[in-house]
Structures are given as structure tokens and as C-alpha cells.
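Peer 1: fold the following.
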Amino acid sequence: MKNHRRRRVLRRTYVRNGLSVLEVTMSLLLLGVAVSALAQLITAAAAQRRTIDARQLALTEVANQAEHVARWTAAETTAEKLATLAPSPELLAAVPTARLSAKLLGKTQADEETSPSAPDTSLRVRIEVTWNDAAGRVVSPLGLTIWKHPREEPQP
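Peer 2: Residues are numbered from 1 along each chain as shown. Below you'll find the model as predicted:
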């Protein structure tokens, strides 16, 4: 009888080497989920990077056009001349749907409240760049407003 117990104990203490098919399947499933999540993260990061690059180019374009308009005198700054402004080839190469618009603006409500009788001698020019994203939606425009004042003649 003692011998019989000994055999039973030996059978229970059998050590397994290797993995079962279930363990391997679960490991592969978990690895697949991790790789899928990483691929989605990389895709989202790349899309965000493209958006940031487009916005940076648009902001540079608006600043460059504003500098160009700032060199004009107040008398040269007309709606017709502003209509001739066009996006640069660099912006169009990166963002083919980019549109540049520039317009003259009148007095603001704040201007009217502070000096209602003062003549409106200053010009406000609003320059904006808009474009469509990959899904075809219009991206919120990037814009810049500049003020132009006529040069005052020195008093004798």
C-alpha cells in the first residue's frame, strides 16, 4: 500500500514544459490588439502632424501677405488691389485647396463708441487663408488684421 501512494504522489508532481495551444492563442490575440492600437495611434499622430504643418504654412502665408500689404500706402490700398493677392506656390503645393482672401473693413463698434464724430481715416485690412481638410470640411480660417493710417504731413 505504501508503494501505491508513492506512485500517486509521483503522478501529481509531474512538471510541464512548454505552452499549451490556449496560452499561445491568448498571447497572440493580446499582441494583435496591442499592435492594432499602436497602428491607430501612429495614424492619428501623422494626421495631426499634417494638420499642424498646414496651419503653420497658412500662418506664414498670412504674415507674408500682411507684410506685403503693409508696404503699400493708404491711398494704394484698395479693394481691387487686395483682390489681386494670391496664395504662394509653396502653400498651394502643400495645401491645394487653400484660398486667400483680403478685404477692407470699416469702423468697428468700439471705434464708434470711443470717437463717434472722428473721421474714419484709418483702414483695416483683413487677410485670411481657408482650406478644406481631407474629409472635405472647411477648416476654420487663419487670419490677420492690419491697420493702415494715412501719413500725416508735418505742421510748420
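
Peer 1: the chain: helices as residue ranges?
Peer 2: 2-12, 21-70, 79-82, 89-94, 109-114 (DSSP state H).

Peer 1: which one of these is the most hemmed in?
Peer 2: For the helices of the chain, average neighbour numbers computed from mean count of other C-beta atoms under 10 Å are highest in helix 89-94, which has a mean of 14. C-betas here are computed from N, CA, C, even on glycine.

Peer 1: what distance separates it from the centre of its chain?
Peer 2: Helix 89-94 has its C-alpha centroid displaced from the chain centroid by 16 Å (C-alpha atoms, centre = their mean, to the nearest Å).

Peer 1: so which of the helices of the chain gets nearest Gly143?
Peer 2: helix 21-70 (6.5 Å; C-beta to C-beta).

Peer 1: what mean pLDDT does the closest one have?
Peer 2: When pLDDT is averaged over helix 21-70, the result is 94.

Peer 1: show me what that helix is packed against.
Peer 2: Contact here means 3 or more C-beta pairs under 8 Å, 6 or more residues apart in numbering; DSSP states H and E; on that basis helix 21-70 packs against helix 89-94, strand 99-105, strand 123-130, strand 142-148.
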